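Peer 1: from the sequence below, what's the structure:
(one chain, ligands or ions: 1)
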Amino acid sequence: MSSSYPKPAIDEDNKPFWDAVRNRKFVLMQCRKCGAWYWPAAYCRNHANQPFYGSLEWREASGRGKVFAYNVHHRAFDPAFKTDLPYVYALIELEEGPMFGTNIVGCDPGDVSIGMDVEIRFIERGGALLPVFGPKG
Ligand SMILES: [Zn+2]
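Peer 2: Sure, this is the predicted structure:
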């Protein structure tokens with residue numbers, strides 16, 4: 001593993017998410033009032049005039065979803081990812097509803113398809129754990 005991998009861009013808003021990932025947990029924001037799930041951090045659209053984050057908290061999610069869209073990359077945006085080529089970038093429609101952009105690992109890129117059932121995996125890159133998805137086992 002190269003140590004030149006870019007680090008996740010962690011800020012005040014997403015720090016709880018990355019803290020959970022470090023413990024191999026996948027969390028999303030859920031509304032305490034109506035149960036709606038959000039990613040990324042947002043306000044709940046089901047209640048007007050609520051403060052940002054007003055009724056939302058981070059909760060562990062199922063880590064399951066389906067491939068909504070994907071593409072196979074044969075060139076790396078960052079040279080650090082050259083050894084991972086070809087890799088799959090996908091938009092996962094999570095069981096809870098939100099879309100989550102990530103990589104698909106654990107299968108041949110040619111075996112990825114729209115609607116494919118996937119689940120969370122954690123891989124190490126440059127000393128950081130990253131939330132990616134793989135075929136449902
Ligand atoms: Zn709500």
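Peer 1: contacts, neighbours, all on C-alpha from now
Peer 2: Fine.
Peer 1: where does the protein dip in pLDDT?
Peer 2: Residue ranges of the chain with pLDDT under 70: 1-3, 52.
Peer 1: which segments of it make up each domain?
Peer 2: In terms of domains, the chain is parsed into 10-61, 62-137 (source: automatic domain parsing).
Peer 1: SS state for the residue of the chain most remote from its centre?
Peer 2: The outermost residue of the chain relative to its centre, with distances by Cα atoms, centre = their mean, is residue 49 at 28.4 Å. For residue 49, the assignment made with DSSP: H, G, I helix; E, B strand; the rest coil gives coil.
Peer 1: distance of it from residue 30?
Peer 2: The gap separating residue 49 from residue 30 is 17 Å, by Cα to Cα, to the nearest Å.
Peer 1: on that earlier part again, JSON lines for the domains of the chain, including distance to the ion?
Peer 2: Shown next, in JSON lines, are those (distance: least, Cα to the ion, whole Å):
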{"stretch": "domain 10-61", "distance to the ion": "4"}
{"stretch": "domain 62-137", "distance to the ion": "13"}
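Peer 1: any idea which of the ones you listed gets closest to residue 4?
Peer 2: With Cα to Cα as the criterion, residue 4 lies closest to domain 62-137 of the domains of the chain, at 6.0 Å.
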